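Undergrad: coords please:
(2 chains)
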Amino acid sequence: MSSISRDDVAHLARLSRLAVTDEELDRFAGQLDQVLAAVARVGEAAVADVPPMSHAVPLTNVLRADEVRPSLPRDAVLAGAPAAEEGRFRVPRILGEEE
Amino acid sequence: MTDLTRIDVAELGRLLTAGEVSAVEVTRAHLDRIATEDGRLGAYLHVEDDAAVAAATTVDEARARGEELGPLAGVPVALKDLVVTQGVPTTSGSKILEGWRPPYSATIATRLADAGTVLLGKTNMDEFAMGSSTENSAYQVTRNPWDLDRIPGGSSGGSSAAVAGHLAPWAIGTDTGGSIRQPAAVTGLVGHKPTYGSVSRYGLIAFSSSLDQAGPLARTVLDAALMHEVIGGHDRCDSTSIDAPLVGLADAARAGAAGDLRGVRVGVVRELGGDGHTEGYEPGVLARTREAVEVLAGLGAEVVEVSCPSFDLALPAYYLIAPSEASSNLARYEGVRFGLRAGDDGNRDLDDVMALTREQGFGPEVKRRIILGTYALSSGYYDAYYGQAQKVRTLITREFTAAFADVDVLVSPTTPTVAFPIGTRVDDPIAMYAADLCTLPASLAGLPAISVPSGLSDGLPVGLQVMAPALADDRCYRVAAALEAAQDGARGHRLLDELPTPAGAA
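TA: Residues are numbered from 1 along each chain as shown, chains lettered A, B, ... in the order given. Model (predicted):
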């Protein structure tokens, strides 16, 4: 199985929206390589014909009645937000300069 | 006067109901002890203080008016800090949620409040429940009451330290890969991970949704069963909650304590500390496990050895599945709807603010797991890692099913070692993950499993794990209570009574 390089960690950190530092890149690359080596044993299991299991309880389509129930008051929800304005979440601009 | 912090919940409930003590007295006794002892233990991230006294006063006034109250009304409780509580700080041990006061409460918090219990506070934990020592908390170190230089287990280490240190009569923990059972084992407590779906996950801050379960940390098996009965059962707010009544759990604990295990078939799992599988296990832990099994046999249980070869793969499968689900669950911390926002200077766009917020708000273990999970789920690696781990999960579940055709419960040590010294594993993820070796199989299969004290090794507690088929949580309580009663009877007191009493305690 493959190993995780420093560049791989940088790429994965970007995908995960983590602005990791150079020092973290060095440290995580080494540690994740170790973890990956330890978990690679799952690849040795003879499971070609075994179905995957995503969940402990086999459940499908749990439905409920389509009825209106009270929701949380808007102010109570916005009170937890780092920034709110005019009764809404305030969000940094979504498009970058080049877009 | 008797020290109210040393009385079991079952007895506290009786005293409160009989009017022999008031809820305010019981609550104040715990708040006083928290004030004097928590400086050294570090169990609590938040203490309710006046709010707890007010809640207790409400119970006393209701009782004085002659209102019909439940048997637990006035009993204090502590909640792990990932249980969402309306208006009460909830951080999941992370800086990214510092200062957040949720606008709603988890179902289990509501059920505990409806039973009249009094919230003492919120307990420390590994950040987002990722860890086995509580050292990954972004806020503070929590210490083991048995030895202040050692870890209290994790991730529910604030809850274990609080209950073992008599700063709460019982507490809620959560268990994804062992985070109730391992802290219970290393602090001399009883900790039960219910059948997946037995307890609602609504309002529990998610780590790995297919594995997370909340459950009790208590000083006795009966207390644990009483708490499970309060918090368990179907909840329409959690679509994975099982729509079936809980079988009599407290009754099972009482039946077990009577000490007759004739007709009960106990399987000892070879792969968890048995012949040829002892590497990494301390001799003292294996000795206490053997002795506990002998006690069960002495009570009439039929003991056989059972082999489950794929359990060897539980740890690697878990450390792919849990980080994968975590990487998805933790995407919700984007610095917009709640919690921290960093770098919002008016120039940076949402993407940059999000990345800076998460960089600043998450600790190293959380980042490691998000990156690992993102890797395991990424195109080209999915089949080799996540897909393969899910198939291993099926193998483990099948081996449990086969084993339970011949035995009623399976037993093993709860964790391979006694509490390890603070600082010895925190920078070595692989060593830290080994603490979960014995608890992971039941987690992956969604089965109930309890840890009950089996004795001391080098003066530190050891736990026996009892696993049962799905929805047969009562078997865990019955067998655990039988062991507890037999050992308490033989030594003439509870294991927890051997806890070195900290200076200043009553």
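Undergrad: which residues in the chain form strands?
TA: Just so you know, I chose chain A. A:84-85, A:88-89 (DSSP state E).
Undergrad: Wait, chain B was what I had in mind.
TA: Ranges of strands within chain B are B:44-47, B:76-80, B:118-123, B:170-175, B:190-193, B:213-218, B:265-269, B:302-306, B:409-413, B:449-457, B:460-467, based on DSSP E.
Undergrad: for the last one, the distance to its chain's centre please.
TA: The chain centroid and the centroid of strand B:460-467 are separated by 13 Å under C-alpha atoms, centre = their mean, to the nearest Å.
Undergrad: for the nearest residue to B:Arg262 once chain neighbours are set aside, what are its contacts?
TA: Spatial nearest neighbour of B:Arg262, excluding adjacent residues (C-beta to C-beta, 6 or more residues apart in numbering or on different chains): B:Gly300 at 3.5 Å. Using the backbone N, CA and C atoms, a C-beta is placed for each residue, glycine as well. Counting by C-beta atoms under 8 Å, 6 or more residues apart in numbering or on different chains, B:Gly300 makes contact with B:260-264.
Undergrad: B:Gly87 against B:Arg101, yeah?
TA: Yes: between B:Gly87 and B:Arg101 a contact is recorded at 5.4 Å, counting by C-beta atoms under 8 Å.
Undergrad: ok, now which ones touch residue 79?
TA: Defaulting to chain A. B:101, B:103 are the contacts of A:Ala79 under C-beta under 8 Å, 6+ apart.
Undergrad: Oops, wrong one, chain B.
TA: B:85, B:109, B:112, B:119, B:121-123, B:159, B:171-172.
Undergrad: roughly how far apart are it and chain A?
TA: With the distance defined as C-beta to the nearest C-beta, to the nearest Å, B:Leu79 ends up 18 Å from chain A.
Undergrad: Mind pulling up the pLDDT for residue 76?
TA: Just going to use chain A. With respect to pLDDT, A:Ala76 scores 95.
Undergrad: meant chain B actually
TA: 98.
Undergrad: A:Glu44 now?
TA: With respect to pLDDT, A:Glu44 scores 87.
Undergrad: Can you report how many residues lie near it?
TA: 12 (other C-beta atoms under 10 Å in any protein chain shown).
Undergrad: Could you report the distance from it to B:Leu313?
TA: 8 Å (C-beta to C-beta, to the nearest Å).
Undergrad: What of B:Val306?
TA: 17 Å.
Undergrad: Looking only at neighbour counts, state which of those two leads.
TA: B:Leu313 (26 against 22).
Undergrad: Quick check: that one touching A:Gly43?
TA: No: with contact defined as C-beta under 8 Å, B:Leu313 does not count as touching A:Gly43 (10.1 Å).
Undergrad: The longest helix along chain A close to chain B?
TA: Counting by DSSP state H, the longest helix found in chain A is helix A:22-39. Yes: shown here: helix A:22-39 in contact with chain B (C-beta under 8 Å from any C-beta of the partner chain) through A:24, A:27-28, A:31-32, A:34-36, A:38-39.
Undergrad: give me the low-pLDDT residue ranges for chain A?
TA: Across chain A, the ranges flagged by pLDDT under 70 are A:1-2, A:96-99.
Undergrad: give me the number of residues near the spatially closest residue to A:Leu95 that is not a sequence neighbour?
TA: In space, A:Leu95 comes closest to B:Asp349 once its chain neighbours are excluded; the distance is 6.7 Å by C-beta to C-beta, 6+ apart. B:Asp349 is flanked by 15 other residues according to other C-beta under 10 Å.
Undergrad: Please apply the same query to B:Asp275.
TA: 7.
Undergrad: quick one, helices of chain A?
TA: Using DSSP H, helices in chain A cover A:6-15, A:22-39, A:74-78.
Undergrad: so what's the residue nearest to B:Thr394 when sequence neighbours are not counted up against?
TA: Residue nearest to B:Thr394 in three dimensions, not counting chain neighbours: A:Met53, with 4.3 Å by C-beta to C-beta, 6+ apart. By C-beta under 8 Å, 6+ apart, the contact set of A:Met53 is B:390-391, B:393-394, B:397.
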